[in-house]
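**Student:** Show me the folded form of this:
(2 chains)
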Amino acid sequence: MAKKLAIIASKGTLDSAYPPFLLASTAIALGFEVKIFFTFYGLQLLNKELNLKVSPLGNPAMPMPVTIPSIIQIIPGLEWFATWMMKRKLKQKGVASLEELRDICIETGVELIACQMTVDLFDFKNEDFIEGISRGGAATFLEFAGDADVTLYI
Amino acid sequence: MSHFDVELDTSGLNCPLPVLKARKALSEMNAGQRLRLIVTDAGANQDIPAFSKMTGNPLIQTDEQNGKLHFIIEKGPA
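**Tutor:** The predicted model follows:
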């Protein structure tokens, strides 16, 4: 009987988008059955066009080439710069892009579930999302997570 | 170095790509065939044995050449 991994993806920043897709794709490679439940800002991870950002604002642990005081971090363009820097770094270090990891998840059979309540809450449209996702609510997740070997909230 | 049937060079790629690519390569091989996997990801020393153990594809040999890790993995019975 295959091991099961259940993940809740609740965040929509570039850095927070990595763990769900990375762990899900690896778990499939290790023989797990995997479902990811996307809720709140995590729903952005299901958009056809991934346009995720990372910000040093409110994130004092983010390594930056120079220390930038929080009050300065509100200047326009800094978030863009931090995102560009992070993406460049990921590429330089041979880390897969999010698109690549997400594609592997889809190809290898990770079930991607959009939380219906938060889809309604934010008025997201079906056509914004990638194909092949399913919908569900708390009970859908808990039914699977109830006999999962690993359950993560990210 | 033991013999191998298929070679996969993941030099420059980072976690989890070597494992994901190894899985794909093994899925296209027959039981008993051997994969030589070349990896530069420093975490592979732990990750590849874990992958081998969990998927039932025995790790036959591990060595380091020119700063790269070379693994020989045998495709286990399906």
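**Student:** ok, now how distant is the closest residue to A:Phe38 other than its chain neighbours from A:Glu100?
**Tutor:** Leaving aside its sequence neighbours, A:Phe38 sits nearest to A:Ala9 (CB to CB, 6 or more residues apart in numbering or on different chains; 5.0 Å). For glycine as for every other residue, the C-beta is placed from the backbone atoms N, C-alpha and C. A:Ala9 sits at a distance of 17 Å from A:Glu100 (criterion: CB to CB, to the nearest Å).
**Student:** what about these two, which has more around it?
**Tutor:** A:Ala9 (28 against 14; other CB atoms under 10 Å in any protein chain shown).
**Student:** returning to that earlier point: quick check: the gap between the residue nearest to A:Phe38 and chain B.
**Tutor:** Using CB to the nearest CB, to the nearest Å, we find A:Ala9 at a distance of 17 Å from chain B.
**Student:** so who does that residue touch?
**Tutor:** By CB atoms under 8 Å, 6 or more residues apart in numbering or on different chains, A:Ala9 lies in contact with A:Ser16, A:Ala17, A:Pro20, A:Ile36, A:Phe37, A:Phe38, A:Thr39, A:Gly42, A:Leu45, A:Ile154.
**Student:** Swap in 10 Å and give it another go.
**Tutor:** Contacts for A:Ala9 (CB atoms under 10 Å, 6 or more residues apart in numbering or on different chains) come out as A:16-17, A:19-21, A:24, A:36-46, A:112-113, A:115, A:152-154.
**Student:** do B:Glu28 as well
**Tutor:** Counted by CB under 10 Å, 6+ apart, B:Glu28 has contacts B:Val6, B:Leu35, B:Lys75.
**Student:** Same check on A:Thr67?
**Tutor:** The contact partners of A:Thr67, taken as CB under 10 Å, 6+ apart, are A:Pro56, A:Pro60.
**Student:** With A:Lys89 instead?
**Tutor:** With contact taken as CB under 10 Å, 6+ apart, A:Lys89 is in contact with A:Pro63, A:Val95.
**Student:** Flag every buried residue along the helix or strand containing A:Lys91.
**Tutor:** If you go by DSSP states H and E, A:Lys91 is part of helix A:78-92. Within helix A:78-92, the residues that count as buried by 16 or more other CB atoms under 10 Å in any protein chain shown are A:Leu78, A:Glu79, A:Ala82, A:Thr83, A:Met85, A:Met86, A:Lys87, A:Leu90.
**Student:** Chain neighbours aside, what residue packs nearest to the second one?
**Tutor:** Setting aside the residues directly before and after it, A:Glu79 is nearest to A:Ser55 in space (CB to CB, 6+ apart), at 4.6 Å.
**Student:** I figured the one you found hits A:Met62, correct?
**Tutor:** Yes: counting by CB atoms under 10 Å, A:Ser55 touches A:Met62, with 8.0 Å between them.
**Student:** what is in contact with those two at once?
**Tutor:** Contacts common to A:Ser55 and A:Met62, judged by CB under 10 Å, 6+ apart, are A:Asp15, A:Ala82.
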